[in-house]
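J.: let me see the structure of the following:
(2 chains)
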Amino acid sequence: MTGHPPRFWRAVLACSLAATERDAIMGDLEEEFSSRARADLEGARAWYRGQVVTSVAPNLLRRFRAARHTNVAPATLRRRPMTGWLQDVRFSARWLMRRPVSTLAITLSLALGIAMSAGVYSLVEAVLLRPVAVRHPEALRLIVEARPTGPNGNFSHPGFVALRRAQRSFDEVAAYATVRAALRTESQTEMVDGEVVSGSYFTTLQPELLAGRGLTDADLTESAQAAVVLSAAEWRRLFGDAALSNQVVALNGRAFTVVGIVAHPFRGMTVGTDVRFWAPVSAQPLLADAGGRSFLAEPRVSWLTLVGRLNTNATDVLAEAELNSLRPLLIAPPPPGAAPTTSRLTLAPGVRGDSRLSQSAATPLGLLLGTSLLLLFVACGNAAGLQLARAQERRRELAVRTALGAGAARVVRLVVIESACLSACGLLLGLAGAAWIGTLGLTVFSALGQPMVLEVGVNLRVLLFGVAAGGLATIVAAAAPALYALRGPRSAEALAGGRSVFGSSTHLGRRLLIVGQFALTLAMVATAALLVRTVLNLRAVPTGLDVEHVSLFAVAPTAAGYRGSEISTYYDRALARLAGMPAVAAAAYGRVIPLGFGGSRGSIEVAGEMPAATPDPGDDAEVNFNIVSADYFNALGIPLLAGRPFASSDGTGAPLVAVVNETMARRYWRESGPIGREFRLASQPRTITVVGVVSDVKYRTLREASQPSFYLPLAQAARLGDGVLHVRTVGDPTPHLGSIRRALSEADAAVPIRFARTLRQQLSQAAGAEQVSMALGVTMGVAALALSALGLFAAMSTSVSQRRRELGVRLAMGATPSRVARLVTREALALTAIGASAGAGLAWLLGRAIQGRLFDVSPLDPISLAASTAVLAMVALTSSWMPARRAARVNPVEVLRDE
Amino acid sequence: MAGQTTPTETLGEFEQAVLLAIAHLGPDTYGVPVRAFLEERLSRPVAVGALYTALDRLERKGFIGSRMSEPIGERGGRSRRHVRLLPRGAAALNRTRATLNRLWSGIGPKVTAPRGPR
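T.: Presented below is the predicted three-dimensional model:
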């Protein structure tokens, strides 16, 4: 035996050859190979490979040319009567190859439409539809308290313990709460998400374990060694491929022994949260950011989510009835004097996990899915238009088929198969794109809005969605030409191959499709424009802060074990370190970051004076407050309008002082001036004296109107927790971020930095949700534009080819080429104009639907609408330019000779 | 007029080489000897794909004819495509040679470029 040629290369060669050539060429190579292989097998193989590599291109060219030269229809007729699906597929494929431009146009259109919609669907699937990765997730139920004010999903620990013991409807009930803790290894400290869970958690949910065991009730006892279960990904990150053998990790400074590893992809019940460890609920005082307070014996602190696995012989109704009979165990009676609460316990399906994220993401995702389906329709419109044009082009062939006895079903089948071939190509390309778009969408969502950790990609559901979308595309694209094939081509005129000059019903159909596409496109582009304007308006909102050169470092001393007055000592030390750096102009502490969507609010009572009439009747009496260190106003560039800033004399023993903002000063002390006046927080007995007034800043969101706010000095704060260090640098902060981090770790390396970012970044995050909408809206708008441009281009091209005779006659009669070109451009613009005016109404509807997300711009904003129309007109001009040029170049002599 | 050659049609260099190879190797030659002949005389590798493209074109022009043989065991049960020179091909070769001879006549054994400024 001399061996054989490399199989792979032989297969490549075979693929590149037409069947008629395969014997001669492959045989030649085989023959020469075996004679060479007798001397040197490896050399012969290399030679074979070289031959294949250099021959593939000429082979394909030859094959393609042969396909173009073959007169396809008669060959198909000759071989056999018109039967056989495969034959139709091959015939379609050849037919499609002979029209590469429109085939490519349809395939790309469908690919884009399918990629967008399937990509968005993959995101929807991951966020809203995917079951949690546990055994029989459909048996899981979340316990929810339906209150008159809205649902509540949190319960106390004693309540949970009592309910778990008394209930019979569930196999087991578990409680959990998400926490964020500092996980320390030798080299670094990192904040990671985790859950503190009851001993029943792993028996209730039953996630798959890679190694070890889940947590049990025994892990909750005082005497037990602190145990933790890690996710597979976290295990790999920390310990690589090591086997489980009592490794230890430090959580918030305390050692926990790893007792088990949960298999991927289970990440806890909360969708989008990347839970990396599970610790016993008894570790709550250490792990939850509650200042070390224990909630375990508190019947009035609701913080646990409850999930149960329903008994096989229990129903939801029975379980709910039992739960409500046990309600007094779970929910503590209100404190004496408070009004009794009325509520019912209900069950929510737990198959998709805890859906807090889903609820907030459902609306934008739904909108996005809707838009992507519109886009799919635009893509289908393209395919339908182009297929219709082809049907018209081949009416002679269809007429011959009909004349030779092909039934209507047979002709329709051919058209459908052709559309299906195109859809299949579009589907393949589209699915490849969908994986990419889904991941991109998730990145955009996470970067600009809510951080989410999810696996997005093409799985079975997304595949099914894609196939459904492809099927829809097939039907839409085949419907018009099939109707045409059934009706049109039987006429003798078609059989004779005559050409009609005047527009037919197909022409009208194709025009309607273009108009519809442009209407949808205008609506999508105008919506995108509204979103762009919203983001621009938000960016232009004056924040009251001197934004440049400021960076923010969120530090978590409580995670490093600091308690009480140690915390303020830590801040003093860290601020002193920072102030000592030459690059730092000012450094200050703030409890709440600017525009962080959060903050402290409290009711106040103003001594001796009633609040002035509030300008907004909906305003409540609560005001924002922040705890800041002395240099805060300096660091953030907030101008002092009256009085003085905080000084070192405002210490623990001194009278309590506050700096208020303009709005608060105006509202409470309009005439008399606020300096020296007193107020107190409703929750605290001591009065606070106003010593200064600063200008307003945006406190929570960019959209808010100026709100009354005041600042308390760090040194006088009663209770301190984690906070943010605001650092103003000399010049751009980016190069100094590293040295600032170092300075902070010199202050105490054990204190984790939750995040570090510039104030500029913080501001753009404040417009996060709007930016997500904008990014997605613009992507959709651009995709729609591209599709419409492609559709118009193809439609005008076919129209020009079909009107060659008419155009030739015009030219022969003395029309100038530029006039003929204008004829084409004018038609394109007219279609666009009709589409745009229809789209304006649609744009208004879409704008109304997203009105809540707009800022300072009306849903029917004339600028956005005008700009979108202008963009559409430009696109129409550009895509009709080539066909128009072709029209101008028609040679009348040639055209008339062809007749 | 497709499929017919006008008397003025000349052969491409590679086509000419293929035709000459077939002329050398006699009737009933096939791919393997033709390719070997070409590699030897042209002193460069010849891809089988390129060879068959040329054969195709020559056959379309009516310069050569071809027929498939019975399957042959040593070729993995595949047939050979035997090619032979047709009269039109021979005429084309002769015509090309005559043209070249006319062009060469009067030039010495070695072509030299005249000296001097360009």
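
J.: quick check: which element contains the closest residue to chain B within chain A?
T.: Across chain A, the shortest distance to chain B (Cβ to the nearest Cβ) belongs to A:S55, at 2.6 Å. In short, each C-beta sits where N, CA and C put it, glycine included. Element membership of A:S55 [criterion: DSSP states H and E] is helix A:41-69.

J.: and that helix, which residues are buried?
T.: Within helix A:41-69, the residues that count as buried by 16 or more other Cβ atoms under 10 Å in any protein chain shown are A:44-45, A:47-49, A:51-52, A:55-56, A:58-59, A:62-63.

J.: from the residues you listed, which is closest to A:V249?
T.: Closest to A:V249 out of those is A:R49 (52.5 Å), distances taken as Cβ to Cβ.

J.: and that closest one, what does it touch?
T.: A:6, A:9 (Cβ atoms under 8 Å, 6 or more residues apart in numbering or on different chains).

J.: mind running it again at 10 Å?
T.: A:5-6, A:8-10, A:12-13 (Cβ atoms under 10 Å, 6 or more residues apart in numbering or on different chains).

J.: chain neighbours aside, what residue packs nearest to A:E234?
T.: A:R276 (4.0 Å; Cβ to Cβ, 6 or more residues apart in numbering or on different chains).

J.: what about the one you found, distance to A:T178?
T.: 11 Å (Cβ to Cβ, to the nearest Å).

J.: before we move on, what about A:I604?
T.: As judged by Cβ to Cβ, A:I604 and A:T178 stand 33 Å apart.

J.: per-residue confidence for the closest residue to A:S16 other than its chain neighbours?
T.: Closest residue to A:S16 in three dimensions, ignoring its sequence neighbours and counting by Cβ to Cβ, 6+ apart: A:N59, at 4.1 Å. On the pLDDT scale, A:N59 is placed at 86.

J.: ok, A:N59 touching B:V48?
T.: Yes. Shown here, A:N59 and B:V48 form a contact pair, counting by Cβ atoms under 10 Å, at 8.9 Å.

J.: common neighbours of these two, please.
T.: Common neighbours of A:N59 and B:V48 (Cβ under 10 Å, 6+ apart) are A:13, A:25, A:52.

J.: restrict the residues you listed to contacts with chain B.
T.: With Cβ under 10 Å from any Cβ of the partner chain as the criterion, the shared contacts of A:N59 and B:V48 include A:13, A:25, A:52 near chain B.

J.: next helix or strand past the helix or strand of chain A with the lowest mean pLDDT?
T.: None of the helices or strands of chain A scores lower by mean pLDDT, DSSP states H and E than helix A:72-79, at a mean of 41. Counting by DSSP H and E, the next helix or strand C-terminal to helix A:72-79 is helix A:85-97.

J.: and the helix or strand A:S372 falls within, how far out from the chain middle?
T.: Element membership for A:S372 (DSSP H and E) is helix A:356-393. When C-alpha coordinates are averaged (Cα atoms, centre = their mean, to the nearest Å), helix A:356-393 and its chain have centres 17 Å apart.

J.: then stretch A:256-273?
T.: That offset, for stretch A:256-273, works out to 23 Å (Cα atoms, centre = their mean).

J.: how long is that stretch from one end to the other?
T.: 22 Å (Cα to Cα, to the nearest Å).

J.: tell me how far A:S245 lies from A:F239.
T.: In terms of Cβ to Cβ, A:S245 sits 10 Å off from A:F239.

J.: more crowded one of these two?
T.: Higher neighbour count among A:S245 and A:F239: A:F239, with 17 against 9, using other Cβ atoms under 10 Å in any protein chain shown.

J.: verify the contact between the more buried one and A:A211 for me.
T.: No. In this structure A:F239 lies outside contact range of A:A211 using Cβ under 10 Å: 11.0 Å.

J.: return every residue with contacts to both of these two.
T.: A:230, A:245, A:258, A:261.

J.: for whichever residue of chain B sits closest to chain A, which three-state class applies?
T.: Of all residues in chain B, B:G49 sits closest to chain A, at 2.6 Å by Cβ to the nearest Cβ. Assigned with DSSP: H, G, I helix; E, B strand; the rest coil, B:G49 falls in the helix class.
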